[in-house]
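# Next one to model:
(one chain, ligands or ions: 1)
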Amino acid sequence: MYTKSKELIKKIRSYESKTKPLPQFFSKAEIKKMLVWSEACFRNQGDTSFRLQDLKVKDNDRTGSPSGSLKSEICHFLSQKMDPVINSKGDLKLEYSVAFHGNKKAYGIHTDSGYDPEELIYKQGIIPLVNEPEDKNTHTIILNQKCYHSSSFPNISKDKKAQKDVFDLDFKTEICPTTYAKYWKNTKIRKEQMKGFSVDYPFEWKVGDTVVWDRSRIHCSSDFEATGIKFKLGLMWISKIL
Ligand SMILES: [Fe+2]
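The predicted structure follows:
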């Protein structure tokens, strides 16, 4: 496991800012265009991976990582939409990466901070495309805690090694029970997993809305069972400064 140098972390932190929700940011036509792109991406087997790595299992989670001209088209679109928000002065040279995530299960607690120790990580965002059933809520919960390399945190309270990499951990303050019940299952395992973390911004998946946050911020999905959600599809993007 590598970590970034103190100097690089300091530089990354100098670009950090408050999590930014952007309500009704995408038009219906833009959402439709992204859905068409997701279908094109998933049709291409080489660009599709499965979380359970078993094609026979029906409830596999799918990730589509577009390549070639599709990737260029999506990244161009995203840079046109997002640059005015995250690069308003136009003084940064940014590179975007994208992936479609179709999920039937909640994502655990993790960061997408990059595996390259030299990488100047910047912002990321999620664009909800499908939320089923439509009348049920699902959230991407952005947490206050930060980590400067990509990692998952299945049980931070017992993982001394992972604790060292996480900024602003606090095992004394528990998540308020009302907040907890809104997003997560009331089980011993889940409660143990959430220990030490606190909520920065709970982004509710509404098609058309989006949210931008620092790539160092640890985040996770709300539990599908807690809210009755069955499936969600989103376009996730990450950016770095070149
Ligand atoms: Fe993520």
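# contacting residues around K28?
Contact partners of K28, counting by C-beta atoms under 8 Å, 6 or more residues apart in numbering, are G208. Placement of C-beta: from N, CA and C, glycine included.
# One more: L129?
When contacts are counted by C-beta under 8 Å, 6+ apart, L129 touches 31, 34-35, 38, 100, 207, 233-235.
# Apply 7 Å and report the result again.
31, 34-35, 38, 207, 233-235 (C-beta atoms under 7 Å, 6 or more residues apart in numbering).
# repeat for T3
T3 touches 148-149, 165, counting by C-beta under 7 Å, 6+ apart.
# Neighbour-wise, which one of those residues leads?
Y148 (24 neighbours; other C-beta atoms under 10 Å).
# ok, it to V130 distance?
With distances taken as C-beta to C-beta, to the nearest Å, Y148 is found 32 Å from V130.
# now the closest residue in space to R215 that isn't next to it in sequence, what's its secondary structure?
Excluding the flanking residues, the one nearest R215 by C-beta to C-beta, 6 or more residues apart in numbering is I121, at 4.2 Å. Per DSSP: H, G, I helix; E, B strand; the rest coil, the local secondary structure of I121 is strand.
# any idea how far I121 is from S79?
17 Å.
# So for those two, which sits in the more crowded spot?
I121 (26 against 17).
# I'd assumed I31 was in a helix, is it?
Yes. Assigned with three-state DSSP, I31 falls within a helix.
# what's it in contact with, if anything?
Contacts of I31 (C-beta under 7 Å, 6+ apart): 129, 207-208.
# So which of the residues you listed are in strands?
L129 (DSSP state E).
# What is the nearest of the contacts of I31 to H219?
L129 (18.1 Å; C-beta to C-beta).
# Grab the nearest non-local neighbour of the closest one.
Per C-beta to C-beta, 6+ apart, closest to L129 is L233, 4.8 Å.
# Within the helices and strands, which one has the one you found?
Secondary structure from DSSP states H and E places L233 in strand 231-241.
# Show me what counts as buried in that strand.
231-241 (16 or more other C-beta atoms under 10 Å).
# what does stretch 82-97 give?
In stretch 82-97, counting by 16+ other C-beta under 10 Å, buried: 82, 86-87, 92, 94, 96-97.
# can you give me the offset of the longest helix along the chain from its chain's centre?
Selection of the longest helix in the chain by residue count, based on DSSP state H, yields helix 68-86. Centre-to-centre, helix 68-86 and its host chain are 17 Å apart (C-alpha atoms, centre = their mean, to the nearest Å).
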